[in-house]
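Student: need a structure here:
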Amino acid sequence: MIVLDTSALIDLLRGGEEIRTAVGGDVATTAVNYHEIFVGIRHHKAKAEERFFRRFFSDIKILDFDQASAERSSEIMARLLALGISVNSFDVSIAGVAVANGAETLITRDKDFESIAKVTELNMKVY
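Tutor: Numbers count the residues shown, from 1 in each chain. Sure thing, here's the model as predicted:
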């Protein structure tokens, strides 16, 4: 399974072909990404983006941040902290959800995931 990060979702909204061509097969995103998207939409009162993402999220699997995800994300954060690496908690939570759900790849434009890749088996494609 491929998990799309918020930056990849925004790229799709903007017509990003690089991300679109990288996506195939079993694709999902997370409830954390849903949260990040709708914070931005509500903050900017972006009606067109809201319509796009309402349709998009109705057609894609959304993985929940559950107890197993919390367990995995806490392990990832502890490993990062042990290396002296500081990463956004939302990004670590997204990675935890992906790992807990058996994702093979996470697609993003966020460089923080390069640090996360150092401490997890999740394959990161950072564009």
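Student: wait, residue 25 sits on residue 3?
Tutor: No. Between residue 25 and residue 3 there is no contact under C-beta atoms under 8 Å: 11.8 Å. Yep, even glycine has a C-beta here, placed from its N, CA and C like the rest.
Student: ok, these two, which is more surrounded?
Tutor: Using other C-beta atoms under 10 Å, the more surrounded residue of residue 25 and residue 3 is residue 3, with 26 against 8.
Student: mind listing what the more buried one touches?
Tutor: Counting by C-beta atoms under 8 Å, 6 or more residues apart in numbering, residue 3 touches 27-30, 63, 94, 97-98, 101, 103, 105-107.
Student: wait, is it part of a strand?
Tutor: Yes. Residue 3: assigned to a strand according to DSSP: H, G, I helix; E, B strand; the rest coil.
Student: give the buried residues for stretch 71-91.
Tutor: Neighbour-count burial for stretch 71-91 flags 72, 73, 76, 77, 80, 87, 90, 91 (criterion: 16 or more other C-beta atoms under 10 Å).
Student: excluding chain neighbours, what is closest to the last one?
Tutor: This points to residue 91. Leaving out its chain neighbours, the residue that sits closest to residue 91 by C-beta to C-beta, 6 or more residues apart in numbering is residue 112, at 4.7 Å.
Student: now the one you found: how far from residue 126?
Tutor: Distance of residue 112 to residue 126, computed by C-beta to C-beta, to the nearest Å: 9 Å.
Student: between the two, who's got more neighbours?
Tutor: Taking neighbours as other C-beta under 10 Å, residue 112 and residue 126 compare with residue 112 leading, 22 against 16.
Student: mind giving me the packing neighbours of the helix or strand of the chain with the lowest mean pLDDT?
Tutor: When each helix and strand of the chain is scored by mean pLDDT, DSSP states H and E, helix 17-22 comes last, with a mean of 84. Contacts defined by 3 or more C-beta pairs under 8 Å, 6 or more residues apart in numbering; DSSP states H and E place helix 17-22 against helix 6-13.
Student: fine by me, thanks again.
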